[in-house]
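Undergrad: Starting from these lines, generate the structure:
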Amino acid sequence: MVRKGKFLRRRSRRRPRSTRAGNTVVVVMVFLVLFGSMSLAFQAATTLNLAQSGNFRSQQTARLAAECGLAFHVNTLVDLGISGGLRGKALLDTAASSLQTKLDGTHNLQSKTVAYDGNTITIPSITLGSGQSCTATLTMKDPNTLHLAVTGQYSSGTGSSITTTQRRLGIDLHPNWDETLSFGVCSLGPVTFGMNTTIVGATDPADGSIYSASPGLAVSCGSGHISGDVAVSAPGATASLAGTTVDGGVFYNAPPMAMPFIDRTAYKALATNIMNSPTPPGGTYTNIRIPANTNPTFSNAVTIQGVMYVQSPNKIYFNNNCAFTGILVADDQAPNSGDANNYIYYKNNMSFNDVNQLPSNDANFTAVRQLEGVSILAPGFTLECKNNLTSVAGIVALKALTAMNNLDATFDGSVLIYGSGGLTFKNNTDLGVNLSESAPPVGFPGHGMLPLTADPNSYAEY
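TA: Got it, this is the predicted structure:
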């Protein structure tokens, strides 16, 4: 039996196609691209960091080479043995010749040499090892300042791939000693030499240099030889050199110099024995003080040891031989006392021997032996030597000095003249000057200081 009615067709229920698989692929691709980009970025950053690290290492290695070179050259200059009293071009010239003597032919420079063109000292490359080396230049920044510039270099790699990195450092050095101590004779008054006068540096020709601040005829020479420079500073002042040979230069309108203040306190304190006789006998005197207005005349031969301290005013005469081992110290002039009443005269056979020749086992001289480098500190007194001055072991500071005849001596220190009376060497003078050991003694500006010191505030990296 057939049922009549609508034919009912069962619909098949089709499930919709899923989109999740496609989305996953997209996400995966995005992450692959992202990770790839990050990988490339990391690789680039790593490469850059490695390059920066290598560059930093090269820079630091070059800087270390420069630091080593700076330390080496500063120590070399400080220990060069030049006078800390030099200034200006004289300082640069002396530094150049001293560096050439000290460094040329050494293992550091091998076959290379120090060069100097009159303005710049060039120290060639010094090999430090491991690809490091350094070069240096020394110039005059101003009359009181040397400038040292050191270039450190580091080379790495081989052949065509070799790379070189440089760092440059600089520092200033200043002389510490009084400028007057760079002259054999430094005088506020005129300097007059008679016939047959020779003044030469005993070890350095420049030690035989002469300076005068006198107006008018500041330096006058007969015949002879001067191994250093002749410099006059007063406007319009002149120098008459006649038959004198001057190895250095002759300079007019030179920079003026002030004479150093000398603190004599340490010397005066050692003169403990009063000598107040106007007619003292011959014999030996030790650490004596001569009170003002004593005006003694030593008619017989005497030996003076230690310090002789003369108070102002006084007129002192040595009419016979005087062997002086120690230091003559005097007051500045008493007010209104005048030059004639502050006067020391040596007639015959005078010598000033070094304090180191005093007996080392005598307690009277223990402190005196520490006061090296001076012979006469009497800037208020005039001294006259008539005949035969044979040796002076240290700096001489006087108001005026006259040597009449037969001065044949070595002065281990400058002659400083504080007065307008100046210095006069009459005839037959053969004077050797040695300033290499003339560091500022006790009481002088710069005492106890190195000739040159580096200024840490001037340190710079270029």
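Undergrad: Where do the domain boundaries of the chain fall?
TA: What automatic domain parsing lists as the domains of the chain is 54-177+454-461, 179-433.
Undergrad: any idea how far the first one is from the chain center?
TA: Put simply, domain 54-177+454-461 sits 17 Å off its chain's centre (Cα atoms, centre = their mean, to the nearest Å).
Undergrad: Next, the buried residues of stretch 347-361.
TA: By 16 or more other Cβ atoms under 10 Å, the buried positions in stretch 347-361 come out as 347, 349-355, 358. Yep, even glycine has a C-beta here, placed from its N, CA and C like the rest.
Undergrad: OK, contacts around the nearest residue to residue 121 once chain neighbours are set aside?
TA: Of all residues not flanking residue 121 in the chain, residue 138 sits nearest, at 4.1 Å (Cβ to Cβ, 6 or more residues apart in numbering). By Cβ atoms under 8 Å, 6 or more residues apart in numbering, residue 138 lies in contact with 73, 77, 92, 95-96, 99, 120-121, 123, 146-149.
Undergrad: mind redoing it with 7 Å?
TA: Applying Cβ atoms under 7 Å, 6 or more residues apart in numbering to residue 138 gives the contacts 95, 121, 146, 148.
Undergrad: Check residue 219 too.
TA: Counting by Cβ under 7 Å, 6+ apart, residue 219 makes contact with 191, 210, 212, 230, 232, 239.
Undergrad: worst average pLDDT in the domains of the chain?
TA: Lowest mean pLDDT within those: domain 54-177+454-461, a mean of 88.
Undergrad: about what we covered before: list just the nearest of the contacts of residue 138 to residue 318.
TA: residue 95 (42.8 Å; Cβ to Cβ).
Undergrad: Residue 293 reaches residue 312, doesn't it?
TA: No: between residue 293 and residue 312 there is no contact under Cβ atoms under 7 Å: 9.2 Å.
Undergrad: More neighbours: which of those two?
TA: A side-by-side neighbour count of residue 293 and residue 312, using other Cβ atoms under 10 Å, places residue 312 first with 18 against 15.
Undergrad: mind checking the SS state of the more buried one?
TA: Remark: residue 312 carries the secondary structure label coil [criterion: DSSP: H, G, I helix; E, B strand; the rest coil].
Undergrad: Can you verify my assumption that it contacts residue 335?
TA: No: counting by Cβ under 7 Å, residue 312 stays clear of residue 335, with 9.4 Å between them.
Undergrad: circling back to that earlier point, quick one: closest of the domains of the chain to residue 441.
TA: Of the domains of the chain, nearest to residue 441 by Cβ to Cβ is domain 179-433, at 3.6 Å.
Undergrad: what's the offset of that closest one from the middle of its chain?
TA: 25 Å.
Undergrad: let's number from 125 now, not from 1
TA: OK, 125 is where the count begins now, so the last one is domain 303-557.
Undergrad: how long is that domain end to end?
TA: This stretch, domain 303-557, spans 16 Å end to end (Cα to Cα, to the nearest Å).
Undergrad: did I read that right, residue 195 in a helix?
TA: Yes: using three-state DSSP, the secondary structure at residue 195 is a helix.
Undergrad: Counting neighbours, what do you get for it?
TA: 12.
Undergrad: From residue 556, how far out is it?
TA: Look at residue 195 and residue 556: by Cβ to Cβ, to the nearest Å, they are 37 Å apart.
Undergrad: same check, this time on residue 371
TA: For residue 371, the distance to residue 556 - Cβ to Cβ - is 14 Å.
Undergrad: which residues does the closest residue to residue 384 other than its chain neighbours contact?
TA: Nearest-residue entry for residue 384: residue 302, 4.4 Å, with adjacent residues in sequence omitted and distances by Cβ to Cβ, 6+ apart. For residue 302, the contacting residues are 209, 384, 564, 568-570, by Cβ under 7 Å, 6+ apart.
Undergrad: swap the cut-off to 10 Å and go again
TA: Applying Cβ atoms under 10 Å, 6 or more residues apart in numbering to residue 302 gives the contacts 208-209, 310, 381-386, 538, 540, 564, 568-571.
Undergrad: Which among those residues count as buried?
TA: Buried by 16+ other Cβ under 10 Å: 208-209, 310, 381, 383-384, 386, 538, 540, 564, 568-570, out of the contacts of residue 302.
Undergrad: So which of those are in strands?
TA: Mapping the buried ones among the contacts of residue 302 onto strands (DSSP state E) picks out 310, 540.
Undergrad: Looking at the buried ones among the contacts of residue 302, which is nearest residue 255?
TA: Nearest to residue 255, judged by Cβ to Cβ, of the buried ones among the contacts of residue 302 is residue 208 at 37.4 Å.
Undergrad: just checking, that closest one touches residue 577?
TA: Yes: the criterion here is Cβ atoms under 10 Å, and residue 208 meets it with residue 577 at 8.8 Å.
Undergrad: Need the residues touching each of those two.
TA: The contact sets of residue 208 and residue 577 overlap at 202, 298-300 (Cβ under 10 Å, 6+ apart).
Undergrad: which of residue 371 and residue 556 has more neighbours?
TA: Under the criterion of other Cβ under 10 Å, the comparison of residue 371 against residue 556 puts residue 556 first, with 19 against 15.
Undergrad: Okay, now the sheet partners of the helix or strand containing that one, with direction.
TA: If you go by DSSP states H and E, residue 556 is part of strand 539-557. Applying DSSP bridges to the sheet, strand 539-557 is found paired with strand 309-311 (parallel), strand 315-317 (parallel), strand 321-325 (parallel), strand 519-535 (parallel).
Undergrad: ranges for the helices of the protein?
TA: For the chain, the helices defined by DSSP state H cover 144-202, 212-227, 389-392.
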